[in-house]
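Novice: need coordinates for the following:
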Amino acid sequence: MPVLRSAALFLLAALFEIGGAWLVWQGVRAHRGWLWITGGVLALGAYGFVATAQPDAHFGRVLAAYGGIFVAGSLLWGAVADGYRPDRWDIAGALVCLTGMALIMWAPRNAG
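Specialist: Next up, the predicted model:
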């Protein structure tokens, strides 16, 4: 169960961080205005709180592992929200990042 909880928190964090950054991007680059920017800033703040709910107590490990989710999630978000089509190298890179995330976060460790 801890792996499922951790994975769900990573996905929620990605939703807030990538979604928040996208809202700011839209507010500034697509000239959609301050309401979009404000929503993005609030979502980015929520991301920070979600990240602290990870069961692992090591900040560096959690954020390093989250990087893999961020990479893959950003490509997925771009595909869904903006019509970006990742090529095989994007997909291969995302899979490498997700493998690294799984190793960093969930590899068995000795207590000693």
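Novice: hang on, isn't Val71 packed against Ile91?
Specialist: No. With contacts counted by Cβ atoms under 8 Å, Val71 stays clear of Ile91, the gap being 10.9 Å. Every residue, glycine included, has its C-beta placed from N, CA and C.
Novice: between the two, which is the more surrounded one?
Specialist: Ranked by neighbour count (other Cβ atoms under 10 Å), Val71 and Ile91 place Val71 first, with 20 against 12.
Novice: list the contacts of that one.
Specialist: Val71 is in contact with Gly93, Ala94, Cys97, Leu98, counting by Cβ atoms under 8 Å, 6 or more residues apart in numbering.
Novice: neighbours around Val24, how many?
Specialist: With other Cβ under 10 Å as criterion, Val24 counts 19.
Novice: now the element after the helix or strand in which it is found, going C-ward?
Specialist: Assigned by DSSP states H and E, Val24 belongs to helix 2-29. Next in sequence after helix 2-29, counting helices and strands by DSSP H and E, comes helix 34-51.
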